[in-house]
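Colleague: all I have is the shape, not the residue letters:
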């Protein structure tokens with residue numbers, strides 16, 4: 001809940017459900033990343049809707065209770081506590097909603113590798129670059145994307161980044 005509030009306040013780019021899932025599983029709770037992502041999306045929708053309608057913690061819990069009867073009591077208590085403590089800080093502006101249609105860059109890692117051989121070729125010695133991106137999608141879920149490039153592809157990629165940097169210098 002707190003990470004979702006931070007995301008809605010634009011303090012973090014999203015909720016890293018893979019990392020959060022590992023922490024929850026370490027505490028002995030059986031959950032997978034997909035289930036946790038669904039829960040995070042629901043709570044994010046709940047908090048952003050409550051912010052848009054300027055609901056107090058009690059109004060949120062009453063509305064939630066009228067809509068969802070199967071929610072465990074401890075979950076309702078956590079939602080009430082987090083919303084009463086931090087809900088007033090969430091402001092969902094029209095501009096923020098319009099900007100939320102594209103993902104947000106979080107991190108990039110890369111490595112240079114060389115394929116030494118394969119089952120069809122004994123002496124390959126073929127260099128490549130692996131790029132791993134962390135991206136927060138519009139709902140705030142952080143996902144990892146990775147891809148490999150040949151050296152000519154990487155040089156083209158680099159050239160395009162230099163072009164973007166040159167254009168940014170003129171702004």
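Modeller: That came in fine, so what should we check first? A quick note: this is a predicted structure, and the numbers were derived from the prediction, not measured.
Colleague: where do the domain boundaries of the protein fall?
Modeller: 1-99, 104-169 (the TED database).
Colleague: mean pLDDT lowest where, among these?
Modeller: Ranked by mean pLDDT, the domains of the chain bottom out at domain 1-99, with a mean of 83.
Colleague: can you lay out the domains of the chain as JSON lines showing mean neighbour count?
Modeller: Glycine gets a C-beta too; all of them are placed from N, C-alpha and C. Compiled in JSON lines, the domains of the chain are given as follows (neighbours: other C-beta atoms under 10 Å):
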{"stretch": "domain 1-99", "mean neighbour count": "15"}
{"stretch": "domain 104-169", "mean neighbour count": "12"}
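Colleague: where do the helices of this protein begin and end?
Modeller: 2-8, 17-26, 33-52, 57-67, 73-86, 94-99, 151-170 (DSSP state H).
Colleague: any chance of the ones you listed in a markdown table, plus distance to residue 131?
Modeller: Converted to a markdown table, those look like this (distance: least, C-beta to C-beta, whole Å):
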| stretch | distance to residue 131 |
| --- | --- |
| helix 2-8 | 25 |
| helix 17-26 | 18 |
| helix 33-52 | 22 |
| helix 57-67 | 42 |
| helix 73-86 | 36 |
| helix 94-99 | 25 |
| helix 151-170 | 8 |
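Colleague: looking at those, spot the one closest to residue 142.
Modeller: Residue 142 sits nearest to helix 17-26 of all the helices of the chain, at 6.9 Å, using C-beta to C-beta.
Colleague: now the farthest one out in this structure, which residue is it?
Modeller: Distance from the C-alpha centroid of the chain, by C-alpha atoms, centre = their mean, peaks at residue 122 (41.6 Å).
Colleague: now do the same contact list for that residue.
Modeller: Listed by C-beta atoms under 8 Å, 6 or more residues apart in numbering, the contact set of residue 122 is empty.
Colleague: what separation do you get for it and residue 112?
Modeller: Residue 122 sits 22 Å away from residue 112, taking C-beta to C-beta, to the nearest Å as the criterion.
Colleague: got it, and residue 37?
Modeller: Residue 37 is 32 Å from residue 112, by C-beta to C-beta.
Colleague: what's the answer for residue 61, then?
Modeller: For residue 61 relative to residue 112 (C-beta to C-beta), the value is 53 Å.
Colleague: and if you look at residue 84?
Modeller: For residue 84, the distance to residue 112 - C-beta to C-beta - is 51 Å.
Colleague: and what of residue 171?
Modeller: From residue 171 to residue 112 the distance is 32 Å (C-beta to C-beta).
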